[in-house]
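> Pasted the sequence and its predicted model underneath.
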Amino acid sequence: MDIRIPRGTQDILPGTSEKWQYVESIWHDICRRFNYSEIRTPIFEQTELFQRGVGDTTDIVQKEMYTFSDRSGRSLTLRPEGTASVVRSYVENKRYGSPDQPDKLYYTGPMFRYERPQSGRMRQFVQFGVEAIGSADPAVDAEVIALAMEFYKEAGLKGLKLVLNSLGDQESRQAHRDALINHFKPQIDEFCEDCQHRLEKNPLRILDCKEDKDHPLMETAPSIIDYLNEESREYFNTVQELLDKMGIPYEIDPGLVRGLDYYNNTAFEIMIDGDGFGAISTLTGGGRYNGLVEELGGPESPGIGFALSVERLLMALDAQGVELPVEKGIDCYLVTMGEEPSKEGTAILTELRRAGIQADKDYLGKKMKAQFKTADRLKASFTAVLGEEEWQAGKINVKDMSSGEQQVIELEQLTAYLNEKLEGTT
Ligand code: HAM
């Protein structure tokens with residue numbers, strides 16, 4: 001058999017999956033504390049959702065979507081990101097009708113993009129994200145950013161840099177757009193084909209082009225910051241003021257444009273400094289998307305959110321040598337000898353497990369020595385040995401693997417005994 005895992009995907013194996021569970025538990029807890037509720041949307045959606053939501057001129061829609069027809073000829077797409085789906089659901093379920101706005105939602109799940117795989121860039125990756133829909137208060141922008149920063153902090157990551165920009169409101173964007181077109185148009189034939197298409201459709205994306213990044217016109221391109229109208233400027237200032245109040249440092253980068261079409265006003269990324277992290281240093285991307293709910297058929301409802309990928313988070317933690325406090329060993333390994341003790345062992349395990357004790361035994365008929373070796377490999381805190389003799393006498397021999405201390409106790413006392421010993425160790 002030569003069937004391999006698809007390019008750009010990975011198996012998350014035991015030893016690593018515990019790390020995933022650990023960061024997932026922090027994520028759920030942070031979202032709970034910020035009062036965000038979980039939403040789960042389908043992994044595939046109608047293709048049109050992303051064409052309209054993420055935007056026709058984006059790399060995601062033009063080159064990266066996993067799109068297929070189902071058996072009745074509908075065009076479906078594996079979701080490349082979560083925002084469009086959450087907004088679709090907000091509209092479809094009329095969540096705008098609830099008195100509790102903004103609707104504060106969070107999600108976790110796999111996203112799919114046909115990208116060139118490299119470290120930190122996968123074709124299937126897992127995003128944690130939040131969306132707060134239904135308020136244009138800059139305090140929501142600050143809250144969403146604070147949530148992301150707090151999450152990284154609790155996961156143990158250091159050296160983070162929050163980069164902030166404003167893409168302005170509709171009016172500011174239009175003015176900036178016109179300025180960009182005027183700036184690039186005279187020399188657009190010196191740019192790549194993609195940029196030539198972008199000129200009329202979405203000139204902001206030219207600034208994000210990797211191929212033409214060294215063209216002299218890039219450096220002198222008009223900056224959005226100079227085109228913000230009064231209202232957008234004030235909004236941006238308030239977001240900064242609130243971040244100052246929260247003690248969250250940031251840098252402003254007028255060149256931060258983001259790769260998705262729906263953004264306006266606040267745009268941000270969280271980057272990581274430092275060695276061992278390679279070319280990919282953006283951990284999180286997010287921003288405000290006033291207008292997206294209307295675009296997808298709902299009433300005017302401004303929104304903001306972000307997403308980060310677990311793959312990049314774990315890479316960053318690894319690069320910084322952060323040891324996650326994932327569970328190291330099992331509580332009790334049961335060593336049995338003989339047919340009856342082995343059968344009795346299944347009942348003992350059931351009782352231990354019901355009592356919340358993590359316990360296991362041998363299923364390969366191994367000799368006692370080999371069973372002890374397994375207990376060592378599993379880093380068992382205790383081994384409980386049940387031979388014919390103990391079994392006949394209704395007793396069991398319990399060994400504390402860290403001190404080496406052994407004690408023979410009544411078999412029926414085992415659960416209570418272990419519970420007492422284990423108390424405070426987990
Ligand atoms: P995005 O910038 O496309 O934004 O992706 C957000 C984050 O997902 C990135 O910062 C990165 O950590 C991770 N990511 C993206 N592509 C890959 C990949 N191929 N492999 C591994 N990680 C990846 C969005 O997706 C927006 N929906 C964010 C948002 C939510 N804006 C408002 N609300």
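Looks like it came in fine.

> Could you tell me which residues of this structure lie near the ligand?
81-83, 113, 115, 120-122, 125, 127, 129, 131, 259-260, 282-287, 289, 305-309, 311-312 (Cβ under 6 Å from any ligand atom). All C-beta atoms are positioned from the backbone trio N, CA, C, and that covers glycine.

> What's the PyMOL syntax to select whichever of these are buried?
In PyMOL syntax, the buried subset of the residues of the chain next to the ligand is picked out as below (16 or more other Cβ atoms under 10 Å):
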select buried, resi 81+82+83+113+115+120+121+122+125+127+129+131+260+282+283+284+285+286+287+289+305+306+307+308+309+311+312
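
> mind listing which of the residues of the chain next to the ligand are in helices?
83, 311-312 (DSSP state H).

> who does the closest residue to the ligand within the stretch 151-300 of the chain bridge with?
Residue nearest to the ligand within the stretch 151-300 of the chain (Cβ to the nearest ligand atom): residue 285, separated by 2.8 Å. Beta-bridge partners of residue 285, counted by DSSP bridges, are residue 269, residue 307.

> Contacts only, for it.
Contacts of residue 285 were listed using Cβ atoms under 8 Å, 6 or more residues apart in numbering, and they are 258-259, 268-269, 306-308.

> Can you check the pLDDT for it?
The score at residue 285 is 97. That number is its pLDDT.

> What's the separation between it and residue 263?
10 Å (Cβ to Cβ, to the nearest Å).

> And residue 272, by the same measure?
Taken as Cβ to Cβ, the span from residue 272 to residue 263 is 22 Å.

> higher neighbour count, those two?
Neighbours were counted for residue 272 and for residue 263 using other Cβ atoms under 10 Å; residue 263 has more, 29 against 22.

> which residues touch the more buried one?
Residues in contact with residue 263, defined by Cβ under 8 Å, 6+ apart, are 167, 287-289.

> Would you mind giving the secondary structure of residue 265?
strand (DSSP: H, G, I helix; E, B strand; the rest coil).

> List the residues that contact it.
Residues near residue 265 by Cβ under 8 Å, 6+ apart: 141, 166-169, 232, 235-236, 287-288, 290.

> hmm, 10 Å instead?
The contact partners of residue 265, by Cβ atoms under 10 Å, 6 or more residues apart in numbering, come to 136, 138, 141, 165-169, 172-173, 228, 231-232, 235-236, 239, 287-290, 302, 304.

> In helices, which of these appear?
Those of the contacts of residue 265 mapping onto helices are 138, 141, 172-173, 231-232, 235-236, 239, per DSSP H.

> Turn these into CSV, including neighbour count and pLDDT.
Rendered in CSV, the data for the ones in helices among the contacts of residue 265 read as follows (neighbours: other Cβ atoms under 10 Å; pLDDT from 0 to 100):
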residue, neighbour count, pLDDT
138, 22, 98
141, 27, 98
172, 23, 94
173, 20, 91
231, 13, 97
232, 23, 97
235, 23, 98
236, 22, 98
239, 24, 98
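
> can you count the residues close to the closest residue to residue 57 other than its chain neighbours?
Distances taken as Cβ to Cβ, 6 or more residues apart in numbering place residue 202 nearest to residue 57, at 4.2 Å, with adjacent residues excluded. The local packing of residue 202 (other Cβ under 10 Å) involves 18 other residues.

> From what I see, residue 202 and residue 54 are in contact.
No - when contacts are counted by Cβ atoms under 10 Å, residue 202 is not listed as touching residue 54 (12.0 Å).

> Closest one to residue 68 out of the ones in helices among the residues of the chain next to the ligand, please.
Closest approach between these and residue 68, by Cβ to Cβ: residue 83, at 21.6 Å.

> Run through the residues that contact the closest one.
The neighbours of residue 83, taking Cβ under 10 Å, 6+ apart as the test, are 50, 53-54, 107, 127, 129-131, 133, 260, 262-263, 286-287, 289, 292, 303-307.

> if we go to 6 Å?
Contact analysis of residue 83 by Cβ atoms under 6 Å, 6 or more residues apart in numbering lists residue 305.

> mind checking how far it is from residue 189?
Here residue 83 is placed at a distance of 35 Å from residue 189 (Cβ to Cβ).

> so what are the domain limits for the chain?
According to automatic domain parsing, the chain comprises the domains 17-169+229-319, 332-425.

> Quick one: end-to-end length of the longest one, please.
Which is domain 17-169+229-319. 18 Å (Cα to Cα, to the nearest Å).

> Centre of the chain to that domain, how far?
Taking the mean of its C-alpha atoms, domain 17-169+229-319 sits 10 Å from the chain's own mean (Cα atoms, centre = their mean, to the nearest Å).

> ditto for the last one
In this view, domain 332-425 has its centroid 39 Å away from the chain centroid, taken as Cα atoms, centre = their mean.

> Quick check: residue 322 is in a strand.
No - assigned with three-state DSSP, residue 322 falls outside any strand and is coil.

> circling back to that earlier point, may I have the phi/psi pair for the residue nearest to residue 57?
Main-chain torsions, residue 202, degrees, to the nearest 10: phi -160, psi 70.

> dump the residue contacts of residue 328.
So residue 328 contacts residue 379 (Cβ under 6 Å, 6+ apart).

> repeat for the one 5 residues further on
With contacts defined as Cβ under 6 Å, 6+ apart, the neighbours of residue 333 are 360, 375, 378, 380, 383.

> Of these, which belong to strands?
360, 383 (DSSP state E).

> among the contacts of residue 333, which two are most distant?
Farthest apart among those - using Cβ to Cβ - are 360 and 383, which lie 10.7 Å from each other.
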